[in-house]
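Asks: everything below, folded, please.
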Amino acid sequence: MLYDPGMNPRMTIVAGVMALSLVPGAGAQSGSAPAQPESQPESQPESQPGAASPAQPGAEAPPVGKPKNNTIDWGPRPGIWRGEIELPGGKPLSFNFVVAFDRDDEKNPLWHVELRNGTEVVPVEFINTHPSLTMAFSGTEARIEATVGGTNTDMSGEYIYTNTNEQGEAVEFRLPFHADNDDPRRFAPVTGDVEIELVPDWLVTFDDRPSPAMGHFVVLPDGINVYGSVRSPGFVDEPLVGTFEHGRLRLSRFTGAEGVLYDGTIEPDGTLIGTYRTLAHHGEGFSATPVEDGQWPEGLVQQMESSPKGRE
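Replies: Purely as a prediction, here's the structure:
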């Protein structure tokens, strides 16, 4: 294990990250073909808090109904945002979400927020009490409580969730959260002089698991953004979204209740070495080797086909 699951619930970790371009595909199923990155929706007018704001041309229509307390015109700027939750152990879990603003038939403000993992769309319950806000996630007590900055282009606060500590007790944990909408990338760019292509298929071995996994990573036409999955009998992480630059592969998925982060680097011998972390206070190392022409270990594909889809 890479960090203590009984950590202090109020621990603070400092890290930074930026984010990857989102791809439209609301309602699409996991495993759909990658779509092209969408353009950023038109933002609110630059007015003062409390001032009326006209409806946004082309704004994404929110669901019917107006969540309680979403009665304030002013709030986070509509568009694509990058967010990060600073995981125990010093690694930031980076993700993307979209903020949309519209009005109902009576000209009352409507706010609509969705998490985006490539083609996967996860609705968020959004409560705007500007400058503070809450993003709650259906079916869980997990939530983000944050304050919007003065220009409405950043927000900072905490990701709050409940997890079981090493004594078996349910404990509320709070992790630092920050988001910006001035750069829609999934992760911060990587500098370096390593030029290497990412092959699609990898045999992944984890430090703490008996079974290997099948890693499949598809680089989008821009040469940087990546869609991926890591699957083994009884264990599935998909869809994963991230970047590959100068030999470094970073992939994540965040659904509000769960989050995973893969962070690895291709070594000179062609092996991919990295760490795997989750919001469930799990961390371990992994290594991966390229698989050529579909030559997976004998029996692994058959095990995958007969294994129920789920997490160990």
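
Asks: can you tell me the element the residue nearest the centre of the chain falls in?
Replies: What sits nearest the mean C-alpha location of the chain, by Cα atoms, centre = their mean, is F95, with 2.8 Å. Assigned by DSSP states H and E, F95 belongs to strand 92-103.

Asks: kindly report the same for M304.
Replies: helix 300-306.

Asks: what comes up buried for that helix?
Replies: 300, 304 (16 or more other Cβ atoms under 10 Å). Where C-beta positions appear, they are placed from N, C-alpha and C, glycine not excepted.

Asks: just the C-alphas of the strand holding F95, formatted as CSV.
Replies: Extracted in CSV, the C-alpha atoms of strand 92-103 (Å, rounded to 0.1, in the frame of the first residue of the first chain):
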residue,chain,number,x,y,z
PRO,A,92,-4.2,15.1,-7.7
LEU,A,93,-7.2,13.3,-9.2
SER,A,94,-8.1,15.5,-12.2
PHE,A,95,-11.5,15.5,-13.9
ASN,A,96,-13.8,17.6,-16.1
PHE,A,97,-17.2,19.1,-15.6
VAL,A,98,-19.5,21.4,-17.6
VAL,A,99,-21.5,24.3,-16.2
ALA,A,100,-24.6,25.5,-18.1
PHE,A,101,-26.8,28.5,-17.4
ASP,A,102,-30.3,29.1,-18.8
ARG,A,103,-33.7,30.5,-17.8
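
Asks: strand partners of it, parallel vs antiparallel please.
Replies: Sheet partners assigned to strand 92-103 using DSSP bridges are listed as strand 79-86 (antiparallel), strand 109-117 (antiparallel).

Asks: buried deepest among these, which one?
Replies: Counting by mean count of other Cβ atoms under 10 Å, strand 79-86 has the highest mean neighbour count of the strands paired with strand 92-103, with a mean of 24.

Asks: chain center to it: distance?
Replies: Strand 79-86 sits 8 Å away from the centroid of its parent chain (Cα atoms, centre = their mean, to the nearest Å).

Asks: got a markdown table for the strands paired with strand 92-103, with distance to D180 too?
Replies: Below are these laid out as a markdown table (distance: least, Cβ to Cβ, whole Å):
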| stretch | distance to D180 |
| --- | --- |
| strand 79-86 | 6 |
| strand 109-117 | 15 |
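
Asks: I'd like the ones you listed as CSV, with distance to P221 and mean pLDDT appended.
Replies: Converted to CSV, the strands paired with strand 92-103 look like this (distance: least, Cβ to Cβ, whole Å; pLDDT from 0 to 100):
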stretch, distance to P221, mean pLDDT
strand 79-86, 19, 95
strand 109-117, 19, 95
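
Asks: start and end of stretch 184-195, how far apart?
Replies: One end of stretch 184-195 sits 24 Å from the other (Cα to Cα, to the nearest Å).

Asks: in it, which residues are buried?
Replies: Neighbour count says stretch 184-195 has 184-188, 190 buried, by 16+ other Cβ under 10 Å.

Asks: with stretch 250-262 instead?
Replies: In stretch 250-262, counting by 16+ other Cβ under 10 Å, buried: 250-256, 258-262.

Asks: turn the residues you listed into a markdown table, columns for distance to L133.
Replies: Below are the buried residues of stretch 250-262 laid out as a markdown table (distance: Cβ to Cβ, whole Å):
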| residue | distance to L133 |
| --- | --- |
| R250 | 27 |
| L251 | 28 |
| S252 | 22 |
| R253 | 23 |
| F254 | 17 |
| T255 | 19 |
| G256 | 15 |
| E258 | 22 |
| G259 | 20 |
| V260 | 25 |
| L261 | 24 |
| Y262 | 29 |
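
Asks: which residues are in contact with R231?
Replies: Going by Cβ atoms under 8 Å, 6 or more residues apart in numbering, R231 touches 213-214, 216, 237-238, 304.

Asks: can you tell me what sits against stretch 278-285?
Replies: For stretch 278-285, using Cβ under 8 Å, 6+ apart, the contacting residues are 1-3, 5, 7, 85, 87-89, 93, 161, 163, 206-209, 258-261, 273-277.

Asks: average pLDDT for that stretch?
Replies: Stretch 278-285 shows a mean pLDDT of 90.
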